[in-house]
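My questions concern the predicted model and sequence given below.
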Amino acid sequence: MTPERIAEIIAGLAGPDVTVVTDQDIADALASIREQATELAAAPVTVDSVAGLETLVSQHKTLLAAQAARAATATLAERHAASLAELDGRHDPERDHIQHDPEAAPVPEPGAGAPEGDRADERKPSGAKAKDDEGDEGKRRPTRKPRELADLARDDTQPEPEFAGVVTAVTKVQGSVPGMSPGQELGSQENLIKAFREKANALSGTAAAGRHDVARMEFTYPPERVLEGTGEAANMAKIAAARQQGALTASSPTPGGLCLPLEVRYDIQTIGVTDRPVKAALSAFQVERGGLQYRAPFDALVMSEGMGVWTQVDDVADPLVPKTCLAVECPGVLEASIYSTYLCLEFSNMTARFDNEWVDATTQSSMVAWARFAENQLLSRLASGSKIILGTHQLGAVRDVLVNFDKIAAYYRNRHRLSTTQPLHMLAPQFLIDLLRADLAMQMTNASPAELFAISQATLESWFATRSINVSWHLDGLDGATVSGITYPNQWYATLVAGNSVPEFPVAIDTLLWVEGDWLFLDGGTLDLGLVRDSTLNLRNRYQTFVETFEGVAFIGKECLRLILPIIPSGAASGTIDPVAIDDTLPVVTP
């Protein structure tokens, strides 16, 4: 199946009429995705191959979700039909998975109390024929009528022959085998041996460590021998039908309560996102040599020589005072190196084979933890390359934040001779949004509720945008510390303990400010080895998944400021409180 066809199937599932996509379409698309993934796994690791694998993963999840949803709907329908059939006492040979032999001796239907017209359709003994069947000796006899609830009281139930379902097995090519296509049916033992031979010849003389699949045997069970993950009632009916049917016996009373086993939910909830807002806030560049050499900008604004005024008096003075000239030295070279962050998980082969939900859930959750780890690695490097300063606290949080950034932007633009249109970039923790909203909610004002209680994130960001400051909100945060005499608290929340009060916001916020584009993100590419097997892992019946990313940062500007803001969401404004009084409510944060 082509990638275009897979995209059409996924688009059909998202369309208004999902019936245009059949169950077979989904199954074929999943098989094609697995084949494409096998081919990409054998190819060299490149940006395109990794992007291709990520696309296949996304498509695979979408198709599996659609397949599971359809299976759940089918199971509910099956349980619904089975329950109704049991309630009205009908015996349905198809439902019970029993196939009648047309030549077998039929069981006579009960005739007591039945009208003559009903008994006329009773089955005849083997070898006999009905009057209306003359000339059709080989025709199948009419099946007996469904029994009603009243018939259950009669001793007329007889064992009937069991229909044994057939399990079929198909051997298909798995992976890349010379001269054969992935998914091709081998059909015979000779072809299977040939596939192994061709694969062995292709790998001879190469350092092809690891596992290389050649063929896969697929078993297909009939519906009556397939137990679904859900639908216990349907499963029990299938198990009962597979056993020899016996006479009905009266059931004894059972104690109250539930006697059925509880339903099992195999889905596992995963919480968190793998977004990388710190990485996105930087100007990204790909590096191919593991690092970057660069020179810092020349700060000409600190020049004390090489500039002056020459007047007519100076021109005739004796002796002449020469002009000054700045001797420019060769600048030093700075370096920024790539580092790697990795994620390695090890699973049992049995867990991966029989508990896909747990493998998927732990993989997704670990990616969330890895994203936090990688983001904090970037944050620590940005912070260490910045100049830490302490903000001032006077009023409520909104006013303090805006006033402090007005001050620092004024300093920055004046110190480095920037225009008001030169964009700066602020990086702050995401909980600052909630802190600012809380401060607005506590304000005493005549503003409408919408102006105080329905402030959107876009509105908050627009307050900075009018100051030519772009804002990025990161999801993580560094540990508290004391740097250059300034102490700040942890920039993250600890897990709440039962019985505790609602946690307060951190009393000081760690933020960064730089000229847009001064911080570079050095992208060394991502290496995703996927599934790793070796002899040691095989001895322990394990395998590993391994992800490693190569990245780094480089600051090519003059100055990055790390502004520690001591603020609380008090709603205080200059007309409602003495600006000095609220300082007593804050912990001491000294410069």
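Thanks, I have it. Only a predicted model underlies this, so the values are computations on that prediction, with no experimental measurement involved.

what number of residues lie near the nearest residue to residue 187 once chain neighbours are set aside?
Spatial nearest neighbour of residue 187, chain neighbours left out: residue 171 (7.6 Å); criterion: CB to CB, 6 or more residues apart in numbering. C-beta coordinates here come from the backbone N, C-alpha and C atoms, glycine included. Burial of residue 171 is recorded as 18 neighbouring residues (other CB atoms under 10 Å).

Pretty sure residue 171 sits in a strand.
Yes: assigned with DSSP: H, G, I helix; E, B strand; the rest coil, residue 171 falls within a strand.

and it, what are its bridge partners?
residue 217 (DSSP bridges).

quick check: mean pLDDT across stretch 296-312?
Averaged across stretch 296-312, pLDDT comes to 82.

Helices of the stretch 451-591 of the chain, start to end?
Assigned by DSSP state H, counting those that start in this stretch, the helices in the stretch 451-591 of the chain fall at 457-465, 535-539.

Just put those in CSV and tack on mean neighbour count, mean pLDDT and distance to residue 179.
Listed next are the helices of the stretch 451-591 of the chain as CSV, based on neighbours: other CB atoms under 10 Å; pLDDT from 0 to 100; distance: least, CB to CB, whole Å:
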stretch, mean neighbour count, mean pLDDT, distance to residue 179
helix 457-465, 14, 93, 58
helix 535-539, 10, 81, 29
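
that older thread, I figured the residue nearest to residue 187 was touching residue 183, is that so?
No: in this structure, residue 171 is not within contact of residue 183 by CB atoms under 8 Å, at 11.2 Å.

On the secondary structure side, give me the element for residue 342.
Using DSSP states H and E, residue 342 maps to strand 339-348.

Check which helices and strands the following helix or strand past that strand sits against.
Next helix or strand after strand 339-348 toward the C-terminus (DSSP H and E): helix 349-354. For helix 349-354, the elements it packs on are helix 356-384, strand 542-555, judged by 3 or more CB pairs under 8 Å, 6 or more residues apart in numbering; DSSP states H and E.

I'd like the average pLDDT over helix 349-354.
Mean predicted confidence for helix 349-354 is 80.

Low-confidence bits of this structure, can you list those?
16, 72-169, 189-190, 192-194, 196-197, 199-212, 216-260, 263, 526-531, 575-591 (pLDDT under 70).

hmm, 50 instead?
Scanning the chain with the threshold set as pLDDT under 50 gives 89-164, 204-207, 243-255.

Any chance of JSON lines for the helices and strands packed on helix 349-354, columns mean neighbour count and distance to residue 569?
Listed next are these as JSON lines, based on neighbours: other CB atoms under 10 Å; distance: least, CB to CB, whole Å:
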{"stretch": "helix 356-384", "mean neighbour count": "16", "distance to residue 569": "24"}
{"stretch": "strand 542-555", "mean neighbour count": "19", "distance to residue 569": "32"}
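
any chance of these in a markdown table, plus distance to residue 39?
What follows is those, written out as a markdown table (distance: least, CB to CB, whole Å):
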| stretch | distance to residue 39 |
| --- | --- |
| helix 356-384 | 22 |
| strand 542-555 | 19 |
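
Identify whichever of those lies nearest to residue 422.
Across those, residue 422 has its closest neighbour in strand 542-555 (17.1 Å, CB to CB).

From the recorded domain assignment, give the ranges for this structure.
Domain ranges of the chain: 1-90, 277-287+342-494+502-585, per automatic domain parsing.

can you pull out the strands in the stretch 401-550 of the chain?
For the stretch 401-550 of the chain, the strands defined by DSSP state E, counting those that start in this stretch cover 424-429, 469-474, 481-483, 486-488, 508-515, 519-532, 542-555.

So which of these is nearest residue 27?
Residue 27 lies closest to strand 519-532 among those, at 22.8 Å (CB to CB).

returning to what we had before: may I see the strands of the stretch 401-550 of the chain organised as a markdown table, with distance to residue 188 added?
Shown next, in a markdown table, are these (distance: least, CB to CB, whole Å):
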| stretch | distance to residue 188 |
| --- | --- |
| strand 424-429 | 64 |
| strand 469-474 | 60 |
| strand 481-483 | 70 |
| strand 486-488 | 73 |
| strand 508-515 | 67 |
| strand 519-532 | 30 |
| strand 542-555 | 31 |
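
Which among these is found nearest to residue 404?
Once the strands of the stretch 401-550 of the chain are compared by CB to CB, strand 508-515 is nearest, at 9.0 Å.

what helices or strands is that closest one leaning on?
helix 356-384, helix 397-415, strand 424-429, helix 431-441, strand 561-566.

Alright, calling it a day.
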